[in-house]
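1. Pasting the sequence and the predicted model now:
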Amino acid sequence: MTYSLDPEITQAMSDLFGSTPVPPPPPRGDWKGYREMNHGFYRAVTAKRTLPPEVTTEDFVPAAKDASLRLRWYRSAAPASGAAVLYAHGGGMISSSVNFYDPTVSNYVARTGVPFLAVDYRLAPENPGTGPVEEVFAALRWLVEHAGKLGVDAGRIAVMGDSAGGGLAAGAAILARNRGVPLAKQILIYPMLDDRPKIVHPDIARVSVVSEDFLATCWGALLDGFQGSEDRLALAAPARQKDLSRLAPAYIEVGDLDLFRGEDIAYALRLSEAGVPVELHVHPGVPHGFDLIAPAAQVTRRALEDRCRVLQSL
């Protein structure tokens, strides 16, 4: 069997990068180089995207024990349903920010009317270990505590994220269960869940937009020198979590050309076996970040329809 990219994804990648010489990737372990490379990618994929005029934003900086989180609240002019979503951005734990994700989050809000709170968690390696997931959970707790002021039903809040943010959303869902914070749903878009070495089909490695060196660099930046217990480690890398029972119902998406495919399918299966309702989508012919690379592709439109359906069901 040979894996091949969806033609629309191939064309979109050519449109984005075809005329620009691609420099060689940084060496494994060079997190600064990968951070710069990733920021170049985000600038490229967001350059032509506009913000929906009906969506407004407001930033909050709640007090925290050792730092100040920046939270961005997005709402549309449409009547609010009472539901809300906490969103954690991608970037491999080492890059990106809420600013890069303004178009993505605003689009969800415009399409569904559901307000979002995006969390600008501090990045690794400056904020290693369980630092990022604790900050995402702190943002979730803040949203629950301020639900009344924001016109939100505290029982209809979901946590959502893509890539590294999907892993942080999964970890925040575990913390919500452990600490008694209500959570209606976890929406995990090609989540980064497992720090352990992967067995990757050569055809997938050949077309993947995420390299094994990049993943090793990201997990190294987050976990090198980690001194916590196995339970704490399993918050940073949720695939290590032994007990997945009593978690919020899950929606999980991944492409079949994504290096996270195996761990995401395995996590969905384990959730289901633990009695957690799961909706899993494996999209053929698409790599990691396909929706950012090709927002107009048919597979992206189908994926967005499913995501918005889930959001509107909260």
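-> On my side now, so go ahead.
2. Could you list the low-confidence segments of the stretch 1-150 of the chain?
-> 1, 19-22, 64-67 (pLDDT under 70).
3. can you give me the helices in it?
-> Secondary structure of the stretch 1-150 of the chain (DSSP state H, counting those that start in this stretch): helices located at 7-17, 31-46, 102-112, 131-145, 147-150.
4. what's the most buried one of the ones you listed?
-> With neighbours taken as mean count of other C-beta atoms under 10 Å, those reach their highest mean count in helix 131-145, at a mean of 22. Quick note: C-beta positions are derived from backbone N, CA and C, even for glycine.
5. Can you tell me the strand partners of the helix or strand that contains I252 and which way each runs?
-> Assigned by DSSP states H and E, I252 belongs to strand 250-255. Strand pairing for strand 250-255, determined by DSSP bridges: strand 185-189 (parallel), strand 278-283 (parallel).
6. Now render these as JSON lines, adding mean neighbour count and distance to A83.
-> Converted to JSON lines, the strands paired with strand 250-255 look like this (neighbours: other C-beta atoms under 10 Å; distance: least, C-beta to C-beta, whole Å):
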{"stretch": "strand 185-189", "mean neighbour count": "27", "distance to A83": "9"}
{"stretch": "strand 278-283", "mean neighbour count": "18", "distance to A83": "17"}
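7. Kindly reformat those strands as a markdown table containing mean pLDDT and distance to V209.
-> A markdown table is the format used below for the strands paired with strand 250-255 (pLDDT from 0 to 100; distance: least, C-beta to C-beta, whole Å):
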| stretch | mean pLDDT | distance to V209 |
| --- | --- | --- |
| strand 185-189 | 98 | 15 |
| strand 278-283 | 98 | 14 |
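8. Please produce JSON lines containing those strands, extended by distance to D243.
-> What follows is the strands paired with strand 250-255, written out as JSON lines (distance: least, C-beta to C-beta, whole Å):
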{"stretch": "strand 185-189", "distance to D243": "15"}
{"stretch": "strand 278-283", "distance to D243": "16"}
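9. do you know which of those strands lies nearest G289?
-> Comparing the strands paired with strand 250-255 against G289 with C-beta to C-beta, the closest turns out to be strand 185-189 (9.5 Å).
10. can you give me the offset of whichever helix or strand comes after the closest one from its chain's centre?
-> Following strand 185-189 in sequence order, the next helix or strand is helix 202-207 (DSSP H and E). Put simply, helix 202-207 sits 23 Å off its chain's centre (C-alpha atoms, centre = their mean, to the nearest Å).
11. Just the CA trace of helix 202-207, in CSV.
-> The C-alpha coordinates for helix 202-207 follow below in CSV (Å, rounded to 0.1, in the frame of the first residue of the first chain):
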residue,chain,number,x,y,z
PRO,A,202,8.0,5.1,5.6
ASP,A,203,5.4,6.5,3.2
ILE,A,204,3.9,8.7,5.9
ALA,A,205,7.3,9.9,7.0
ARG,A,206,8.0,10.8,3.3
VAL,A,207,5.0,13.1,3.0
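12. Could you pull out the buried residues of it?
-> Buried residues in helix 202-207, counted by 16 or more other C-beta atoms under 10 Å: I204, V207.
13. and A234, which of the helices of the stretch 1-150 of the chain is closest to it?
-> When those are compared for distance to A234 using C-beta to C-beta, the nearest one is helix 131-145, at 10.3 Å.
14. Run through who's touching that closest one.
-> By C-beta atoms under 8 Å, 6 or more residues apart in numbering, the residues outside helix 131-145 that reach it are 60, 62, 64, 67, 69, 71, 84, 86, 88, 93, 117, 119, 121-124, 127, 150, 152, 154, 157, 159, 161, 164, 168-169, 171-172, 175-176, 179, 181-183, 222, 235-236.
15. Just the buried residues of these.
-> 60, 69, 71, 84, 86, 88, 93, 117, 119, 121, 123-124, 127, 150, 152, 154, 157, 159, 161, 164, 168-169, 171-172, 175-176, 181, 183, 222, 235-236.
16. Name the residue closest to the centre of the protein, please.
-> D162 (1.9 Å; C-alpha atoms, centre = their mean).
17. ok now do the closest residue to that one other than its chain neighbours, which residues does it touch?
-> Spatially, and ignoring its direct neighbours in sequence, D162 is nearest to I189 (3.8 Å; C-beta to C-beta, 6 or more residues apart in numbering). Residues near I189 by C-beta under 8 Å, 6+ apart: M160, G161, D162, S163, G165, G166, E253, D291, R307.
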